[in-house]
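Undergrad: Generate coordinates for the sequence data below:
(one chain, ligands or ions: 1)
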Amino acid sequence: MMSGFVAIATTGELAPAGMKRVVVDGKRLLLCNADGRYYVVDEMCSHEEYSLYLGCIKEGRIKCSLHGSYFDLATGQPTCDPADEPIRTYPVKIEAGQVWVEV
Ligand code: FES
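TA: The predicted model follows:
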C-alpha cells in the first residue's frame, strides 16, 4: 500500500459541489468536490448523528441540512451555530487520475 493512501474515486466522477460517501477502515467518510478542490471529512455532523451527505456544498463549506450549521471543508471547523465541535478532515491527494485519502 502507498503510505496509507487509498483510492476512493476517479477525478472525473464528481460534479462540482458533488459528494460521494465512502467507507475506509470502517470509517464513514464524505468526499466533497468544492469548486474543483477535493476534501474528505467525516460523513456525520458533529452536532448530532446526522449525515452531511444530505446537506450541500457552498463556497468551500458544507452545510448540515438538519440544523443549518456550516463547516469549513479545509479545517472541519464549524462556522455557525448550533454545532460547536469540528468534524474531522483527512489528507487528500490527486494522482494517476484518482482521488486518494489517507485515514
Ligand atoms: S445535526 Fe448538524 S447542525 Fe444539528
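
Undergrad: which stretches of the chain form strands?
TA: 5-10, 19-24, 27-34, 37-42, 56-58, 61-63, 70-72, 89-90, 92-95, 98-102 (DSSP state E).

Undergrad: which helices and strands does the third one pack with?
TA: Put plainly, it is strand 27-34. Under the contact definition 3 or more Cβ pairs under 8 Å, 6 or more residues apart in numbering; DSSP states H and E, strand 27-34 sits against strand 5-10, strand 19-24, strand 37-42, strand 56-58, strand 61-63, strand 98-102. (Glycine included, C-beta is placed from N, CA and C.)

Undergrad: Pull the residues that contact it.
TA: The contact list for strand 27-34 (Cβ atoms under 8 Å, 6 or more residues apart in numbering) reads 8-9, 14-23, 38-44, 52-53, 57, 59-62, 73, 90, 92, 99, 101, 103.

Undergrad: about what we covered before: with mean pLDDT and mean neighbour count added, can I get the strands of the chain in CSV?
TA: As requested, the strands of the chain are exported to CSV (pLDDT from 0 to 100; neighbours: other Cβ atoms under 10 Å):
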stretch, mean pLDDT, mean neighbour count
strand 5-10, 97, 16
strand 19-24, 98, 16
strand 27-34, 97, 20
strand 37-42, 97, 20
strand 56-58, 97, 16
strand 61-63, 98, 22
strand 70-72, 98, 22
strand 89-90, 98, 18
strand 92-95, 97, 13
strand 98-102, 98, 19
